[in-house]
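*Asks:* sequence plus predicted model, see below.
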Amino acid sequence: VQLQASGGGLVQAGDSLRLPCAGSGRTFSSYYMGWFRRAPGKEREFVAAMSQRGGITYYTDSVKGRFTISRDNAKNTVYLQMNSLKPEDTAVYYCAASAIITRRSIEYDYWGQGTQVTVSS
């Protein structure tokens, strides 16, 4: 499956953004989907993940209550709704597909190209 993330931009602290990640191929709905991010000078970190039909979700602690992962399998798209953005959320955000639901980036087989999110204070 090929993935393309979009929707990034420059926003102020407290603003919201929604990142869509469009997938190609008929097998999109068979994959667990995840979002990761890489901040400047830091390693890539897990943000959120969702099972094939959305019944299971995982979030990293720093985004719980602010970010929501969702998916629309009819549109082959997974979303990351980000509310109450903080400067520390500044990063390149990546979507990824895996055969299992996991927080470990090594378990993800397919990656989108990333979209930059910058939050100013």
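*Replies:* It's in. This is a predicted model, so every value here is computed, not measured.

*Asks:* mind pulling the model confidence for the most centrally placed residue in the chain?
*Replies:* Among the residues of the chain, the one closest to the centroid is residue 35, at 2.6 Å (C-alpha atoms, centre = their mean). For residue 35, the model assigns a pLDDT of 98.

*Asks:* partners of it in the sheet?
*Replies:* Using DSSP bridges, the bridge partners assigned to residue 35 are residue 48, residue 95.

*Asks:* my read: it touches residue 93, true?
*Replies:* Yes - using C-beta atoms under 8 Å, residue 35 is in contact with residue 93, at 6.2 Å. For glycine as for every other residue, the C-beta is placed from the backbone atoms N, C-alpha and C.

*Asks:* surely residue 98 meets residue 107?
*Replies:* Yes - in terms of C-beta under 8 Å, residue 98 counts as a neighbour of residue 107; the distance is 5.1 Å.

*Asks:* tell me which of those two has more neighbours.
*Replies:* Each of residue 98 and residue 107 has its neighbours counted (other C-beta atoms under 10 Å); residue 98 has more, 18 against 15.

*Asks:* got the contact list for that one?
*Replies:* Counting by C-beta atoms under 8 Å, 6 or more residues apart in numbering, residue 98 touches 31-34, 49, 107-109.

*Asks:* where do the strands sit along this structure?
*Replies:* 3-5, 9-12, 17-23, 32-38, 45-50, 57-59, 67-72, 77-82, 91-98, 108-111, 115-120 (DSSP state E).

*Asks:* show me what the fifth one is packed against.
*Replies:* I take that to be strand 45-50. strand 32-38, strand 57-59, strand 67-72, strand 77-82 (3 or more C-beta pairs under 8 Å, 6 or more residues apart in numbering; DSSP states H and E).

*Asks:* of those strands, give the one that comes closest to residue 15.
*Replies:* Closest of these to residue 15 is strand 77-82, at 8.8 Å (criterion: C-beta to C-beta).

*Asks:* now find how far off-centre the closest one is within its chain.
*Replies:* Here the centre of strand 77-82 is set off from its chain's centre by 6 Å, with C-alpha atoms, centre = their mean, to the nearest Å.

*Asks:* kindly report the same for stretch 86-103.
*Replies:* Relative to the centre of its chain, stretch 86-103 is centred 4 Å away, using C-alpha atoms, centre = their mean.
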